[in-house]
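In: predicted model and sequence follow; I will ask about them next.
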Amino acid sequence: MPVYSMTGYASVQHGASAAGSETDARAPGSRRLGLEIRSVNSRFLDLSFRLPDELRAMEPALRTLLTAQLKRGKVEVRAALESDDSNALPDPPARVLQRLNTLQDSVRAWLPSAAPLSVADALRLCANAQTGTEDWSAAVPTLAKEALDALISAREREGKRLAIMLLDRVKQLRTLAQQATPMIPLLVEQQRQRFMDRWKEAMALTDGTTLPEAARDRALTEATAFAIRIDVAEEITRLDSHLDEIERLLKKGGEVGKRLDFLIQELHREANTLGSKSAALDLTRVSVDMKVLIEQMREQVQNIE
């Protein structure tokens, strides 16, 4: 199953699908239907519709269609009705004009200061009076299905790109972890040598007599505390485990966005711990490089469904 992004856009207009095939999006009238769907990332599925008044009744059907195939994302659906000839204006019916004139006289009888209707107002009101005679119940679901298929294809292409990028960052993190692993024994050996030097210095101060308990306990405590503090073997093991799980999820696909987001948080935790335990500049640099890569992954994972 592929990885899907939550970012995508699809548009079906003028009777043509997004793939270029002709679609009968015309009702028995002279107007055409255009529909577009766009989506961005969101924690949950958030649907919004901007439909002409004539298509308001289709919103429940559109909502059912979208929720059946989309699980996350902020999705906006827009529809528009257009005339076949945008330069042509229909002749306003005489009965509607007569009705408008009667209504205007009634209004101005009560409100003498009311402005008279303009030509544009009359044309708009006549056009509204003529709407609602066309049946879009068959055209809208067909067009919406094509737009949704195009949107899913776009989200799949973007998801594939994100998966490739994330796998590349996983590879780089593994390389950094391999660089950090041999640094720890070297640091422990350096500290062991410091411990021996301090031990000899303490022995010299006693002129060959028995080492004071206070000096011995302090030296042992410092050596033990240092060894515990710089031991990052557990962090490296957990980091490798998280990277394995990220690779598994990306190969599995499907609804993996929330799980990936959790794993990215865990990666960041391990990188922070690695940095706090670092006792050498090289190890600090490894930790910083890890955090940069993990932050890049976090930004992209936010877009995965």
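Out: Noted; the coordinates are in hand.
In: these two touch, right, residue 160 and residue 153?
Out: No: contact criterion Cβ atoms under 8 Å: residue 160 and residue 153 do not qualify, at 10.9 Å. For glycine as for every other residue, the C-beta is placed from the backbone atoms N, C-alpha and C.
In: what do the two both touch?
Out: The overlap between the contact sets of residue 160 and residue 153 (Cβ atoms under 8 Å, 6 or more residues apart in numbering) is empty.
In: and stretch 162-174, which residues are buried?
Out: For stretch 162-174, burial by neighbour count (16 or more other Cβ atoms under 10 Å) applies to 162, 163, 166, 169, 170, 173.
In: ok, so what distance separates the second one from residue 108?
Out: Per Cβ to Cβ, to the nearest Å, residue 163 is found 67 Å from residue 108.
In: please apply the same query to the first one.
Out: If you measure residue 162 against residue 108 using Cβ to Cβ, the figure is 63 Å.
In: doesn't residue 142 belong to a strand?
Out: No: assigned with DSSP: H, G, I helix; E, B strand; the rest coil, residue 142 falls outside any strand and is helix.
In: show me the buried residues of stretch 162-174 that map onto helices.
Out: With DSSP state H as the criterion, helices contain 162, 163, 166, 169, 170, 173 from among those.
In: need the contact list for residue 44.
Out: Contacts of residue 44 by Cβ under 8 Å, 6+ apart are residue 72.
In: whoops, residue 51 was the one
Out: By Cβ under 8 Å, 6+ apart, the contact list for residue 51 reads 58, 59, 77, 78, 79.
In: out of these, which end up buried?
Out: 58, 77, 79.
In: can you pull out the low-pLDDT segments for the chain?
Out: The chain contains residues with pLDDT under 70 at 14-31, 83-90, 127-134, 184-193, 195-196, 198-200, 202-231, 277-280.
In: now with 80?
Out: Across the chain, the stretches falling below the confidence threshold (pLDDT under 80) are 13-32, 82-93, 123-138, 181-234, 275-283.
In: can you show me the helices along it?
Out: Applying DSSP H to the chain gives helices spanning 59-69, 94-110, 119-130, 139-180, 183-205, 213-230, 233-252, 257-277, 281-301.
In: helices or strands up against the fourth one?
Out: Looking back up the chat, that one is helix 139-180. The contact analysis (3 or more Cβ pairs under 8 Å, 6 or more residues apart in numbering; DSSP states H and E) places helix 139-180 against strand 8-12, strand 31-40, helix 59-69, helix 233-252, helix 257-277, helix 281-301.
In: turn those into a markdown table, including distance to residue 99.
Out: Below are the helices and strands packed on helix 139-180 laid out as a markdown table (distance: least, Cβ to Cβ, whole Å):
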| stretch | distance to residue 99 |
| --- | --- |
| strand 8-12 | 37 |
| strand 31-40 | 23 |
| helix 59-69 | 30 |
| helix 233-252 | 64 |
| helix 257-277 | 56 |
| helix 281-301 | 59 |
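In: so which of those is nearest residue 139?
Out: With Cβ to Cβ as the criterion, residue 139 lies closest to strand 31-40 of the helices and strands packed on helix 139-180, at 5.7 Å.
In: report the inter-axis angle for that closest one versus helix 139-180.
Out: 20 degrees (axes from the mean of the first three to the mean of the last three Cα atoms, to 10 degrees).
In: centre of the chain to strand 31-40, how far?
Out: Distance of strand 31-40 from the chain centroid (Cα atoms, centre = their mean, to the nearest Å) equals 21 Å.
In: picking up where we left off before, and of the contacts of residue 51, the nearest to residue 5?
Out: Nearest to residue 5 among the contacts of residue 51, with distances taken as Cβ to Cβ, is residue 77, at 18.2 Å.
In: wait, the closest one touches residue 50, no?
Out: Yes: with contacts counted by Cβ under 8 Å, residue 77 reaches residue 50, the gap being 7.1 Å.
In: redo the buried ones among the contacts of residue 51 as TSV? Include distance to residue 64.
Out: What follows is the buried ones among the contacts of residue 51, written out as TSV (distance: Cβ to Cβ, whole Å):
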residue	distance to residue 64
58	11
77	12
79	16
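In: count the neighbours of residue 48 for me.
Out: 9 (other Cβ atoms under 10 Å).
In: and residue 9, by the same measure?
Out: Neighbourhood size, residue 9 [other Cβ under 10 Å]: 16.
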